[in-house]
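> Fold the following, please.
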Amino acid sequence: MATGTLYTYPGNFRAFKALIAAEYSGAKVTVDTTFKFGETNKSKAFLDKFPLGKVPAFESKNGDCIFESNAIAHYVGNEQLLGKSHTDAALVQQWINFGDNEILPASCTWVFPCLGITQFNKQETDKAKEQIQKALGVLNSYLTTRTFLVGERISQADITVACDLLLAYQYVLDPAFRGSYGNVNRWFTTLINQPQFKKVIGDFKLCEKMAQFDGKKYAELHGGDKKKKEDGGDKKKEEKKTPQKKEQPKQEKKEKPAKKDDNDEDVDEDAEKEDTKDPWKDLPKSPFDFDAFKRCYSNEDTVTKALPYFWEKFDKPTMSIWHCIYNYPGELKKIFMTSNLVGGFIQRIEKMRKFSFGSMCVLGEDDKNQISGVWFWRGQDLAFPLHPDWQVDYESYTWTKLDPDDPKARKMVNEHFAWEGDFDVCPGLKFNQGKIYK
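Numbering: from 1, shown residues only. From the prediction side, this is the model:
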């Protein structure tokens, strides 16, 4: 019987796979309650045992160090969970791989933006929903005549696939969406109400209303708190430097007569002031309808609809296309960190989107990746110098103006907007993920 310590953070559904397995097998697994994600797993002592710094991680009483949730679950499991026959063992592995490859990535793509963990991308979310529907359809058909995935008793296949579905059932699979998958719902609710499951995950409540992306929550998790802290620090410094003024008696504010235009209509002076601050106001107006293109890109197929629309409507005299490449690829390590870097850049140029559009692609894999993007906007020069707020990150990239009549440039635009192709600008690196600025 396996005995040891599991390192993880609270609520980690990946760790649930091993903890539930231990409840069935009788393995003595203790969760390290002193573990602090971001600290403990970066310490030398932890990395000496688990070089990737990933959790969950398991250290057995006899010194075996195991990482990856399914491997840990296998280690603490028993014959019933892992499959008594050669065939059953193969089927257990089949469904474990199905859950991790067909369900989990799509579930995370759909749910994580709702929790503020990642930025929302409509195209990717729509693809994720389709993938979840496809996977649930496969499961629903398979479970028509079965109670469990392998054999007549709960196995690791059931545990893993159920854990892979936890986030989806908790946040996005509302009654309307899950209604067509009665067999899956029956199987899932049977599992989560087993005492071994309940001891680990507690009382589980199925989603009643589909969660949506919360931009405010995303901003708070990705820089909002830091900005407030910095602003608060600056404010305190100013308060120390600036002597307090004596309060003067308040005087009644006189109303200013409303300004009139040539037709004797009231004029909104605040709107006029705002208009004078518009960074785009000195550039020639373009016949290209940015909003219409963005709607087309968001709602139609990219290759067959959005790209033909773009090339047909693109106006060379008033618009320009640019390619950017990150200047410091040696500093890019984990994919999620590179993605967060792109997300920060996009967030900080929020007000530039009025007359611009961009697709930023993360190419490669962990420890070998690069950022490559294609943008277009009103005007023939770089747009970032038009406003101080837009200048924070752009110098970290090399910007090259593209000729819309050049076939190579067109190919580059098509690849970056469709998120598929050779990406010759970064030989050997394949598309991993992307973010759209629109």
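> Using the record's domain definitions, break this protein down for me.
The record's domain parsing of the chain by automatic domain parsing lists 3-76, 99-133+155-201, 290-437.
> Would you convert these into CSV that also reports mean pLDDT, distance to Asp88 and mean neighbour count?
Placement of C-beta: from N, CA and C, glycine included. Shown next, in CSV, are those (pLDDT from 0 to 100; distance: least, C-beta to C-beta, whole Å; neighbours: other C-beta atoms under 10 Å):
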stretch, mean pLDDT, distance to Asp88, mean neighbour count
domain 3-76, 94, 14, 17
domain 99-133+155-201, 94, 7, 19
domain 290-437, 92, 34, 16
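> can you redo these as CSV with distance to Leu221?
Below are the domains of the chain laid out as CSV (distance: least, C-beta to C-beta, whole Å):
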stretch, distance to Leu221
domain 3-76, 14
domain 99-133+155-201, 5
domain 290-437, 10
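> residue ranges for the strands of this protein, please.
3-7, 28-31, 57-60, 65-67, 319-326, 356-365, 368-378, 397-402, 431-437 (DSSP state E).
> Let me have the ones you listed in CSV, adding distance to His74 as columns.
Listed next are the strands of the chain as CSV, based on distance: least, C-beta to C-beta, whole Å:
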stretch, distance to His74
strand 3-7, 14
strand 28-31, 13
strand 57-60, 11
strand 65-67, 9
strand 319-326, 39
strand 356-365, 25
strand 368-378, 29
strand 397-402, 44
strand 431-437, 28
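> So which of the ones you listed is nearest Leu81?
strand 28-31 (13.7 Å; C-beta to C-beta).
> Contacts for the closest one, please.
1-6, 8, 15, 18-19, 22, 58, 76 (C-beta atoms under 8 Å, 6 or more residues apart in numbering).
> still on that earlier bit, looking at the strands of the chain, which is nearest to Lys127?
Of all those, it is strand 431-437 that lies closest to Lys127, at 11.8 Å by C-beta to C-beta.
> relative to strand 368-378, how tilted is the closest one?
Counting by axes from the mean of the first three to the mean of the last three C-alpha atoms, to 10 degrees, strand 431-437 points 30 degrees away from the direction of strand 368-378.
> Just checking: what are the partner strands of strand 431-437?
Sheet partners assigned to strand 431-437 using DSSP bridges are listed as strand 356-365 (antiparallel).
> and Asp126, how far is that from Phe120?
11 Å (C-beta to C-beta, to the nearest Å).
> got a list of what the nearest residue to Asp289 once chain neighbours are set aside touches?
Nearest non-adjacent residue to Asp289, counting by C-beta to C-beta, 6 or more residues apart in numbering: Lys313, 7.2 Å away. By C-beta under 8 Å, 6+ apart, the residues touching Lys313 are 287-289, 293.
> Please spell out the ChimeraX selection for the buried subset of those residues.
Here the buried members of the contacts of Lys313 are turned into a ChimeraX selection, burial being counted by 16 or more other C-beta atoms under 10 Å:
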select :288,293
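> Let me know the pLDDT of Asp266.
On the pLDDT scale, Asp266 is placed at 44.
> The stretch 251-400 of the chain: helices as residue ranges?
With DSSP state H, counting those that start in this stretch as the criterion, the stretch 251-400 of the chain has helices at 269-276, 290-299, 307-313, 335-348.
> Quick one: those as CSV, columns for distance to Gly364 too.
CSV is the format used below for the helices of the stretch 251-400 of the chain (distance: least, C-beta to C-beta, whole Å):
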stretch, distance to Gly364
helix 269-276, 42
helix 290-299, 25
helix 307-313, 24
helix 335-348, 8
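> who wins for proximity to Leu91 among the ones you listed?
Proximity to Leu91 (C-beta to C-beta) singles out helix 335-348 among the helices of the stretch 251-400 of the chain, at 31.8 Å.
> pull the CA atoms of the closest one into CSV?
What follows is helix 335-348 as a C-alpha-only set of coordinates in CSV (Å, rounded to 0.1, in the frame of the first residue of the first chain):
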residue,chain,number,x,y,z
ILE,A,335,4.4,29.4,-22.9
PHE,A,336,1.9,30.7,-20.3
MET,A,337,4.4,33.4,-19.3
THR,A,338,4.9,34.4,-23.0
SER,A,339,1.1,34.5,-23.4
ASN,A,340,0.8,36.7,-20.3
LEU,A,341,3.4,39.1,-21.7
VAL,A,342,1.3,39.5,-24.9
GLY,A,343,-1.8,39.9,-22.8
GLY,A,344,-0.2,42.7,-20.9
PHE,A,345,0.8,44.5,-24.0
ILE,A,346,-2.7,44.3,-25.4
GLN,A,347,-4.3,45.4,-22.2
ARG,A,348,-2.1,48.6,-22.0
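> gap between it and the chain center?
Offset of helix 335-348 from its chain centre (C-alpha atoms, centre = their mean, to the nearest Å): 10 Å.
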